[in-house]
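*Asks:* how would this look folded up:
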Amino acid sequence: MPTQTKSGTGNDVVTLDTPVKVGILKFDCSQCKGEVALKTDAAYDPDVLLLGKKAPYTGTHWLGMRGDTVTRMQIKASGPWTVTVGGLELARIVPGTAPIDGSGDDVLYLTKPAGAAQIVNKGSQYANFMVKVMTDGASGPDLAVNEQGGSYTGTVMFPAPGSENVQLVQIVSDGKWTITPK
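*Replies:* Reported below is the predicted structural model:
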């Protein structure tokens, strides 16, 4: 899939040159103020960034994990932004054999899929922390963690990958996190 980059300022709707069935989206609104939101015209899970994300914002999300296609995106922002959409190579590729540290929203591509993971998140008091796992053997993402209150510590199961051994992890956080595959 070709990588597509769209830039703008403020609220806008962008049309992708090539529709995306499965891919990764990077959103950079690092000079924005207030709140940001990004939604797509996908039939399932259209809200990539829910209204209320605080700017400045930079993060990575997956697209099309439930069989839908994205052709357009609506951005709500106060300031300049850039959206980059492409294939799975835009995910953060990690071995899946050692602790993975990060912050904010990210997508991990585990080259060695994990059966479980110990997860620690240090987020703000009123934030929602989510971890979703998608494999090539599943029809949709598995919600491994959905915690209100921002901070979380625990070990959760990850679904087994399919024949192509693909395992993606979507993290939604406003803080710092560590995922230790097991």
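*Asks:* Quick check on residue 90: phi, psi?
*Replies:* Main-chain torsions, residue 90, degrees, to the nearest 10: phi -80, psi -10.
*Asks:* That one and residue 26 touch, don't they?
*Replies:* Yes - the criterion here is Cβ atoms under 8 Å, and residue 90 meets it with residue 26 at 6.1 Å. Using the backbone N, CA and C atoms, a C-beta is placed for each residue, glycine as well.
*Asks:* Common neighbours of those two, please.
*Replies:* The contact sets of residue 90 and residue 26 overlap at 60, 84 (Cβ atoms under 8 Å, 6 or more residues apart in numbering).
*Asks:* got the buried residues for stretch 146-154?
*Replies:* 147, 150, 152 (16 or more other Cβ atoms under 10 Å).
*Asks:* could you pull out the helices for the protein?
*Replies:* In the chain, no helices are defined using DSSP state H.
*Asks:* ok, now which ones touch the spatially most central residue of it?
*Replies:* The residue lying closest to the centre of the chain (Cα atoms, centre = their mean) is residue 61, at 2.5 Å. Going by Cβ under 8 Å, 6+ apart, residue 61 touches 24-25, 27, 48-49, 105, 107, 170.
*Asks:* same thing but 10 Å
*Replies:* 23-27, 38, 40, 45, 48-49, 105-107, 170-172 (Cβ atoms under 10 Å, 6 or more residues apart in numbering).
*Asks:* which of those residues lies closest to residue 130?
*Replies:* Of all these, residue 172 has the smallest distance to residue 130: 4.2 Å, by Cβ to Cβ.
*Asks:* Only C-alpha atoms, please: export stretch 9-17 in PDB.
*Replies:* Extracted in PDB, the C-alpha atoms of stretch 9-17 (Å, rounded to 0.1, in the frame of the first residue of the first chain):
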ATOM      1  CA  THR A   9      -4.800  23.600   9.400                       C
ATOM      2  CA  GLY A  10      -7.900  23.700  11.600                       C
ATOM      3  CA  ASN A  11     -11.100  21.700  10.900                       C
ATOM      4  CA  ASP A  12     -11.100  19.900   7.600                       C
ATOM      5  CA  VAL A  13     -12.100  16.800   5.700                       C
ATOM      6  CA  VAL A  14      -9.500  15.000   3.600                       C
ATOM      7  CA  THR A  15     -10.000  12.300   0.900                       C
ATOM      8  CA  LEU A  16      -7.400   9.600   0.600                       C
ATOM      9  CA  ASP A  17      -6.000   9.000  -2.900                       C
END
